[in-house]
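>>> After the sequence you'll find the predicted model.
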Amino acid sequence: MVSPGQPPAAIVSTPSVLPVDIDTLDLADVAGDPSRRRPVLVDRDLLVLTTGGHGDAEVDFQPLPCRPGTLLRVRVGQVLRCPCPQLDATVVRWEAGALSGLQVDPDAVPTWRQLAGEDEDAVISEVSQLAVDCARHRGVPAAQPLLRHQLAVLLLRLALAGQDRHPAARPEQDTFDRFCREVERDYQRTRRVEDYAARLACSVRTLTRACLAVTGRSAKQVIDDRVALQASRLLAATDEPVARIGRHLGFSEPTNFGRFFAREVGVSPGAFRAARDEPPPAAIVRPRPPAEPPRALPAPSRSLR
């Protein structure tokens, strides 16, 4: 039984020794230079709550319609492109350690959601209060537990609000999720399905069956999708040489990387990079981060507009 004054079990935590960074800011502060169309490589987790305007934002090259009440969940390592100044939004940003010890899964929040009714009122209220407290208690160590629990409550509310929107989990979902976690950890070193099957103590056929059931794509295609996505992120959002990006992703020769990228995305790495400062193309690459089961966004096409 919870005694009076004791926090709910869902957000009970152990004391944090080191301060963690949680803050709120305007969309323009994270969207980059509006004169440059290239996306921004996100280095901290974000919640983006649209408060005014209309337009399409992009998360990992997938266009997402935004209007007041639209919420975006952007993860570390994803690329974000926003149509500033057409959109106004409040951004909640936090470092990886901010939720340490709290029983909350930030990945339970989908990439896109249009809030309405009581959900919208509650989220706006909590984001507004978090913004007030971040500004009021900035740099105050004693305020860290308050900000951490406010963020946890916000994420829990968003996760609970979306539970009734998700279909019942398929039997293959658990296998697929475990496979994606392994791919996320090791895609730079191996693209062999056999390596992941051995690590998960199952057969290649089992992995392929799970991937086909959840995504319609084979296990090998899921791995290649993840590599192509990371290549696309780095080509679009950084100035790293193409050959270095290829080596970073495990390709010993630039030509091998070029052939792989052209096959998966439909254009060469150089052409893809050249288009990054142009008006946002239609969805360019198929993959999404394996950390998020593919149920929130449609599969993007391979073509450039």
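Noted; the coordinates are in hand.

>>> For stretch 138-150, give the mean pLDDT please.
Mean pLDDT, stretch 138-150: 90.

>>> cool, and stretch 81-101?
Per-residue scores along stretch 81-101 average to 90.

>>> Of all the residues in that stretch, which ones are buried?
81-84, 87, 89-95, 98-99 (16 or more other Cβ atoms under 10 Å). From N, CA and C alone the C-beta is placed, and that goes for glycine too.

>>> So which of these belong to strands?
Cross-referencing these against strands under DSSP state E gives R81, A89, T90, V91, V92, R93, W94.

>>> follow-up on the earlier one: what is the nearest of the buried residues of stretch 81-101 to L146?
A98 (12.2 Å; Cβ to Cβ).

>>> what does the helix or strand of the chain with the lowest mean pLDDT rub up against?
Every helix and strand of the chain was ranked by mean pLDDT, DSSP states H and E. The lowest is helix 28-31, at a mean of 86. With contact meaning Cβ atoms under 8 Å, 6 or more residues apart in numbering, helix 28-31 is reached by P34, V40, V42, L46, L80, R81, C82, C84, P85, V91, R93.

>>> will you turn the ones in strands among the buried residues of stretch 81-101 into JSON lines that also has distance to A274?
Below are those laid out as JSON lines (distance: Cβ to Cβ, whole Å):
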{"residue": "R81", "distance to A274": "16"}
{"residue": "A89", "distance to A274": "29"}
{"residue": "T90", "distance to A274": "34"}
{"residue": "V91", "distance to A274": "29"}
{"residue": "V92", "distance to A274": "34"}
{"residue": "R93", "distance to A274": "31"}
{"residue": "W94", "distance to A274": "34"}
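
>>> Next, count neighbours for T190.
15 (other Cβ atoms under 10 Å).

>>> Which secondary structure state does it sit in?
coil (DSSP: H, G, I helix; E, B strand; the rest coil).

>>> separation between it and V91?
T190 is 36 Å from V91, where distance means Cβ to Cβ, to the nearest Å.

>>> How about D26?
Taken as Cβ to Cβ, the span from D26 to V91 is 7 Å.

>>> With L160 instead?
Distance of L160 to V91, computed by Cβ to Cβ: 22 Å.
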